[in-house]
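In: structure for the following, please:
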Amino acid sequence: MIPRPVYIEKIMPYVDTPFIKVLSGVRRCGKSTILKMIAGELKKRGVADNQILAYNFDSLQLEEIKTAKLLYENVRQRLSPNGKTYLFLDEIQEVESWEKAVNSFMTDFDVDIYVTGSNSRLMSSEISTYLTGRYISVHVFPLSFAEYLTFRRAYTSEDDTHRELARYLKLGGFPAVHLQEYTQDETYTIVRDIYNSTIFSDIVRRNEIRKVDQLERIVKFAFDNAGRTFSASSIAKFLKNEKRSIDNETVYSYLSKLESAFILHRCSRYDIAGKEILKTQEKFYLSDPAFRYSVLGYTPDSVAAMLENLVCLELLRRGYEVSIGKIETAEIDFVAVKQEKKLYIQVTQQIDREETQEREYGRLLDIHDNYPKYVLRTDEFASGNVQGVKTMHIADFLLSGEY
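Out: As a prediction, the model looks like this:
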C-alpha cells in the first residue's frame, strides 16, 4: 500500500477519543485502504490483532448483515476480551439504520469506531442528525497531484512534473488506475465502471429513480458545463429543447443527489464587495476529471475547465471553503477561505495576448486588500510578481506547501 499520510495525520489524533471517525467520499477513492492504514498504525502502537474487528459491507460474506440489530448482535459476540475493541465498518450505508447500531456501540461497549461510506448518509449535513455530535468527519478525495506522483514513482516511472500534470488531468486520481501503466482507454473503462456503480447503486436504486435517462442527461450537462455558471432553469431549458420536459425542482433534486454521491462539488458565488454569498448561478466541479472524459470523451477544448477543476479540488482537500468571486461585473475564479486565511485565484491555460493578461491580473488588482492573489497557468512565463500578484505554474501550485 502506498501511504496517504495527509489522511492518517488527520485521523490519528482522534484515536481512543469518544468520537466516531467517519471517512466519506466518492466510491473507489481509497477509503477502504485508508482504514487498513489506520489499523496498521494501531498495531504499531501495540494494539493486538484480536482487538481489531473489521467489516466490509460491500462483501458478499456479510450479505446477511443488513440491519442495525443484526450488526449489533454480530459485533457483541466478537468483542475483544482483552480491552478496547477497534471497530472498522467499511461502506456502512449498506446496513439499514446503521446509525442506531453505531450509537449503541458507543453507549454499551468499550470501542473505538471508524466508518466509511459513499452516499448522502455519510455527508456532514446528514451525519449530525444520526450521530448526535459524537463524530469527526474526514472527506477523502481521489489522489491529489502529489499523491499521484508518489504512485507513479512506486509503480511505473515519473516524467517531468509539468508533463505529468497533463497526464494527471487526463487520467484523474482514482488510485486503481495508477497501480500499473494503463492506456487511456483502459483507464476510462475503469472510471466508467466506478461512475455506473455510483449512479445506479447510490442514486438510482437508493432513491427509486424511474427516469434514469433523464438523470443521465442532467449528469452529462453538468459534466460538459463544469466550471461554468448555470442554473436549474438553464438545464430545464436545455432538456426542453431536446423535447424532454422537466421542472426546476426536479433538476435541483438530481443535482443534490449527485452531490450526495460525491460526484459533484457545488461552488456558490461570493460578492467580494458586499461580502455575501449569492444564491444564483452556482458552479459545479467534478470529484475527478476522469469522470468527464470517461462519460463524454476527451476533447482539447475541455482542458481549461478541467485545470480549474483540479485547483478547486486541491483547495477543498486542504480544508478551504471555495466560492466563485464576483467583483462588479467581473468574476474571480476562486475565493478560498480557511479560518483567518483567504486566497484569490485566477486559473488560465495560457496568456498569449495582452488583453488576456490585463483581464487575468486586472481582476485581482481590483481587489483592494492584502490577502494573497495568484494567477495560475500552464504555459511558459517569466517568474515574478505583477504588482503583488504571484504567477505560478499550476503543477507547482498543486505541490506547494505555502498556502
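In: so is Leu343 in a helix, a strand, or just coil?
Out: Put simply, Leu343 is strand when judged by DSSP: H, G, I helix; E, B strand; the rest coil.
In: correct me if wrong: it contacts Asp333.
Out: No. Leu343 lies out of contact with Asp333 (C-beta atoms under 8 Å); the separation is 10.7 Å. Glycine gets a C-beta too; all of them are placed from N, C-alpha and C.
In: more neighbours: which of these two?
Out: Between Leu343 and Asp333, Asp333 has the larger neighbour count (other C-beta atoms under 10 Å), namely 24 against 17.
In: wait, the more buried one sits on Gln346?
Out: Yes. Between Asp333 and Gln346 a contact is recorded at 5.2 Å, counting by C-beta under 8 Å.
In: show the average pLDDT along stretch 259-276.
Out: For stretch 259-276, the mean pLDDT works out to 89.
In: how far does that stretch stretch from one end to the other?
Out: 23 Å (C-alpha to C-alpha, to the nearest Å).
In: now do stretch 298-307
Out: 14 Å.
In: got a list of contacts for it?
Out: Under the criterion C-beta atoms under 8 Å, 6 or more residues apart in numbering, residues 169-170, 184, 226-228, 289, 292-293, 296, 347-349, 376, 378, 394 lie in contact with stretch 298-307.
In: residues of it that come out buried?
Out: 298, 302-303, 305-307 (16 or more other C-beta atoms under 10 Å).
In: next, give me the two most distant ones among those residues.
Out: The largest separation in those, counting by C-beta to C-beta, is between Tyr298 and Leu307 at 13.8 Å.
In: what's the burial count for the closest residue to Ser245 other than its chain neighbours?
Out: Spatial nearest neighbour of Ser245, chain neighbours left out: Leu239 (7.3 Å); criterion: C-beta to C-beta, 6 or more residues apart in numbering. Other residues near Leu239 come to 18 when the count uses other C-beta under 10 Å.
In: repeat for the one 5 residues further on
Out: If you count neighbours by other C-beta under 10 Å, Arg244 ends up with 13.
In: confirm it sits in a strand?
Out: No. Read with three-state DSSP, Arg244 is coil and lies in no strand.
In: Thr378 contacts Thr391, doesn't it?
Out: No. Contact status for Thr378 versus Thr391: not in contact, 11.7 Å apart, counting by C-beta under 8 Å.
In: CA atoms of stretch 365-377 as PDB?
Out: What follows is stretch 365-377 as a C-alpha-only set of coordinates in PDB (Å, rounded to 0.1, in the frame of the first residue of the first chain):
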ATOM      1  CA  LEU A 365      -5.700  44.000  -8.800                       C
ATOM      2  CA  ASP A 366      -9.200  45.500  -8.400                       C
ATOM      3  CA  ILE A 367      -9.400  43.700  -5.000                       C
ATOM      4  CA  HIS A 368      -8.000  46.100  -2.500                       C
ATOM      5  CA  ASP A 369      -7.000  44.000   0.400                       C
ATOM      6  CA  ASN A 370      -3.700  42.300   1.500                       C
ATOM      7  CA  TYR A 371      -4.700  38.700   1.100                       C
ATOM      8  CA  PRO A 372      -2.500  36.600  -1.300                       C
ATOM      9  CA  LYS A 373      -3.500  36.700  -5.000                       C
ATOM     10  CA  TYR A 374      -2.400  34.200  -7.600                       C
ATOM     11  CA  VAL A 375      -2.600  33.700 -11.400                       C
ATOM     12  CA  LEU A 376      -2.000  30.000 -12.200                       C
ATOM     13  CA  ARG A 377      -1.200  28.900 -15.700                       C
END
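In: next one: it to chain centre, how far?
Out: Its chain's C-alpha centre lies 26 Å from the corresponding centre of stretch 365-377 when counted by C-alpha atoms, centre = their mean, to the nearest Å.
In: neighbours of the residue lying closest to Glu242 once chain neighbours are set aside, how many?
Out: For Glu242, ignoring the flanking residues on the chain, the nearest one in space by C-beta to C-beta, 6+ apart is Arg217 at 7.3 Å. By other C-beta under 10 Å, the residues close to Arg217 number 18.
In: toward the C-terminus, what is the element adjacent to the helix or strand in which Arg217 is found?
Out: Assigned by DSSP states H and E, Arg217 belongs to helix 212-224. Using DSSP H and E, the next helix or strand after helix 212-224 towards the C-terminus is helix 232-241.
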